[in-house]
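>>> Predicted coordinates and the sequence they were generated for:
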Amino acid sequence: MLKYIAKRLISMVPVLVGVTFIVFAIMHFTPGDPATLLLGEEAPPAEVERMRERMGLNDPFIVQYGNFLMGLFRLDLGISLTSGRPVYNEIMNRLPATIRLSAAAILVAIFIGVIAGIIASTRQYTVFDGGAMFIALLGVSMPNFWLGLMMILLFSVFWNNTFGYVLFPSSGFGTLRHLVMPAIVLGTAHAAFITRITRSSMLEVLRQDYIRTARSKGLNERVVIYIHALRNALMPVVTMAGLRFGVLLGGSVVTEQIFAIPGMGRLLVESVRSQNYTLVQGIILTYAIIFSLVNLAVDLLYAAIDPRIKVQYK
Amino acid sequence: MSANLLEIKNLHVHYITDDGTAKAVNGIDLALKPGESLGLVGETGAGKTTSALSVLRLVPNPPGKIIEGEINFNGENLLKKREREMRRIRGNKISMIFQDPMTSLNPVFTVGRQIAENVALHQNVSIKKGIERAREMLELVEIPGGRVYDYPHEFSGGMRQRVLIAMALACNPALIIADEPTTALDVTIQAQVLEIIKGLMEKVKTSLIMISHDLGVVREVSERVAVMYAGQIVEVGSIRSVFQNHKHPYTIGLFGSIPDIDDRESTRLKPTPGLMPDAMELPEGCPFHPRCPEAMKKCSEETPESVEIDERHFVSCFLYS
């Protein structure tokens, strides 16, 4: 198993190098001059030219890319063009908030989604099934900003007016209580995907012969469903949860804006808008790493769930 | 006459769907004494599996529904029992061996755990004790006890079927229903599994209902045989009586379709022409009459009663009433 993990980690290297190359090339050939951006439109051309020389922008493309790669080994992603601070620090300031929020949100989504999916599948075509699927649809259709604002209205404003204190703070980040509302807002949006996949996967599994065997042993229905069926049905659920976790890590600009969370979503949007190419490169590279790691985690979970897959991991 | 372990009386099971009602089982009567072994034969779709699942009350519902009848086990009607009481009977007093060993074991749990689960549940012991029992049971079906921690995919088809047999026997049930336990296996493995079932039946003294479409299999392990056709039992009797003296035209046809290696004269089989009727549109009267070489006018109007033609040998046909 450890050997397998090591192999997977090593195989991430070429993927990441590929990602850096593509991102670097795209940013390189995008119109706009970083030096002008850094100094402002009014800067004298001679000044700009000096800056270009200093930043190495006059070197051939391949040399610039080489320098960028060399920098990576020292965790040097360059300097943010808008703030002048190292890109690495900028990202590290924002990443923890995003990771914590995404983890909380995916847990909410899995919790709601798996339970709703099981309820729907075990009572197929009944009111419960329809109800669970309706709520799932509602969750995915409801705009994040609206649900966020409504929750702030209820738990922060209304609660404060009625009980004299704020149940969940409406802005900021740090404590668990800060995390509750944004995690629910993001989680409900993703729960629908997990509900659907859990339902269809459970329906498939409940038809299997081994479920009939389990029933014929006199096990009660709860054991049959939550132990015998669910574990077999989890594979697509884990896949979906992994994908959704990746999407969440991409950051949610709207939710971060509403709850004033210092996350990656806003950082990325701002950096793209201001053509802050060093920061864009850094952020995308970070995502590529996280995505690869999440993928690896999903594959390892497969092995934990199904012994038949574990055998293949050599 | 000693008391029957299992008595099925006038059992009707229908599958009710939007496209119509499939009458899978139409008034079967069966009796089984303690320690007795009965073979249930018939074509695919004759209602064998549905009858068996009814005994455990595991007919998938919806669409399946037990319409009427009685299933008395140790003198108590199972159809009147609550679900909770039924759970105490399943896997404990009555257990079932299913047809396809490749899909009947849960792939994500070790075989030991799957057997132990059964034992722990019904005998109120820990899973650890259950694993001990699982080890014994595996040895009993000639699988090394050390393999309790292996997963189903690490066993061959024949071994998995033996695991299922071990699982069914783990709680010393009074009745085992084996639903075509050898059909999914290749011939040499079939013989092996049958040998094991036969050996165990002598050792543990439980009753057995062996469902099969193969008369040869039934002869191997059963004392009595019941022939099913379109949801009814057309003939039932001791193996000897039925094999030597089959009376119902369907049974005669069934025996006519067995190849005989010693008989060099007849090179062709004698199959019964036609197909079994669709359970959604059963014919009036005797369900076999459209294919029956001996059909009379009466056959399409009335359903024949069961007649005892020899000791405990019953036939449902107007030829004998």
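Received the coordinates, thanks.
>>> Is the residue nearest the centre of chain B part of a helix or strand, or is it coil?
Residue closest to the average C-alpha location in chain B (CA atoms, centre = their mean): residue B:211, at 2.9 Å. Of the three states, residue B:211 takes strand under DSSP: H, G, I helix; E, B strand; the rest coil.
>>> and the residue nearest to residue B:196 when sequence neighbours are not counted, how many residues sit next to it?
Closest residue to residue B:196 apart from its sequence neighbours, by CB to CB, 6 or more residues apart in numbering or on different chains: residue B:141 at 5.7 Å. Any C-beta I mention is one placed from the backbone N, CA and C, and that applies to glycine too. Other residues within reach of residue B:141 by the criterion other CB atoms under 10 Å in any protein chain shown amount to 20.
>>> Residue B:141: what's it in contact with?
Residue B:141 makes contact with B:162-163, B:165-166, B:196, B:200 under the criterion CB atoms under 8 Å, 6 or more residues apart in numbering or on different chains.
>>> For these, work out which two are farthest apart.
Farthest-apart pair in these is B:163 and B:200; separation 13.5 Å (CB to CB).
>>> Now do the helices in the stretch 151-300 of chain B.
B:157-169, B:187-204, B:215-221, B:239-244, B:249-256 (DSSP state H, counting those that start in this stretch).
>>> can I get the ones you listed in JSON lines with mean pLDDT and mean neighbour count?
Putting the helices of the stretch 151-300 of chain B into JSON lines (pLDDT from 0 to 100; neighbours: other CB atoms under 10 Å in any protein chain shown) gives the following:
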{"stretch": "helix B:157-169", "mean pLDDT": "91", "mean neighbour count": "25"}
{"stretch": "helix B:187-204", "mean pLDDT": "84", "mean neighbour count": "16"}
{"stretch": "helix B:215-221", "mean pLDDT": "87", "mean neighbour count": "19"}
{"stretch": "helix B:239-244", "mean pLDDT": "88", "mean neighbour count": "17"}
{"stretch": "helix B:249-256", "mean pLDDT": "86", "mean neighbour count": "20"}
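>>> possible to save these as TSV with distance to residue A:29?
Shown next, in TSV, are the helices of the stretch 151-300 of chain B (distance: least, CB to CB, whole Å):
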stretch	distance to residue A:29
helix B:157-169	60
helix B:187-204	66
helix B:215-221	75
helix B:239-244	86
helix B:249-256	80
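>>> Tell me the residues on the stretch 101-250 of chain A that lie near chain B, please.
A:208-210, A:212-220, A:228, A:231-232 (CB under 8 Å from any CB of the partner chain).
>>> Among these, which ones are in helices?
A:209-210, A:212-216, A:231-232 (DSSP state H).
>>> Quick check on those residues: which are buried?
The neighbour-count test (16 or more other CB atoms under 10 Å in any protein chain shown) applied to these identifies A:209-210, A:212-216, A:231-232 as buried.
>>> Out of the residues of the stretch 101-250 of chain A next to chain B, which is nearest to residue B:36?
residue A:216 (21.3 Å).
>>> Report the contact partners of the closest one.
B:56, B:58, B:90-91, B:95-96, B:98.
>>> restrict the residues you listed to contacts with chain A.
Okay, of the contacts of residue A:216 touching chain A (CB under 8 Å from any CB), that's B:56, B:58, B:90-91, B:95-96, B:98.
>>> now those as CSV including distance to residue A:272 and neighbour count?
Converted to CSV, the ones next to chain A among the contacts of residue A:216 look like this (distance: CB to CB, whole Å; neighbours: other CB atoms under 10 Å in any protein chain shown):
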residue, distance to residue A:272, neighbour count
B:56, 63, 22
B:58, 60, 16
B:90, 62, 23
B:91, 62, 27
B:95, 65, 30
B:96, 63, 30
B:98, 59, 24
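>>> Mind checking which of these land in strands?
B:95-96 (DSSP state E).
>>> before we move on, the earlier item: what's the spacing between the residue nearest to residue B:196 and residue B:129?
Residue B:141 is 20 Å from residue B:129, where distance means CB to CB, to the nearest Å.
>>> Surely residue A:198 and residue A:112 touch.
No. Using CB atoms under 8 Å, residue A:198 makes no contact with residue A:112, being 10.2 Å away.
>>> same for the lowest-mean-pLDDT helix or strand in chain A, what does it pack against?
The least trusted helix or strand in chain A, going by mean pLDDT, DSSP states H and E, turns out to be helix A:34-39, with a mean of 78. Identification of packing neighbours for helix A:34-39 by 3 or more CB pairs under 8 Å, 6 or more residues apart in numbering or on different chains; DSSP states H and E yields helix A:45-55.
>>> For the helix it packs on, name the packing helices and strands.
Against helix A:45-55 (3+ CB pairs under 8 Å, 6+ apart) you get helix A:34-39.
>>> Any regions of the stretch 1-150 of chain B where pLDDT drops low?
Flagging of the stretch 1-150 of chain B using pLDDT under 70 yields the residue ranges B:1-2.
>>> next one: the stretch 51-200 of chain A
In the stretch 51-200 of chain A, no residues with pLDDT under 70.
>>> what about the closest residue to chain B within it, distance to residue A:208?
The nearest approach of the stretch 51-200 of chain A to chain B comes at residue A:125, 9.2 Å away (CB to the nearest CB). According to CB to CB, residue A:125 and residue A:208 sit 19 Å apart.
>>> Chain A contacts on the stretch 101-250 of chain B?
So far as CB under 8 Å from any CB goes, the stretch 101-250 of chain B lies against chain A at B:103-109, B:117-118, B:121-122, B:151, B:153, B:164, B:167.
>>> Chain B: strands as residue ranges?
B:6-17, B:20-32, B:37-41, B:64-73, B:76-77, B:94-97, B:175-179, B:207-212, B:224-229, B:232-238, B:306-310, B:313-316.
>>> same question, the stretch 1-150 of chain A
Using DSSP state E, counting those that start in this stretch, the stretch 1-150 of chain A contains no strands.
>>> where do the helices sit along it?
Using DSSP H, counting those that start in this stretch, helices in the stretch 1-150 of chain A cover A:2-29, A:34-39, A:45-55, A:61-73, A:87-122, A:127-141, A:144-151.
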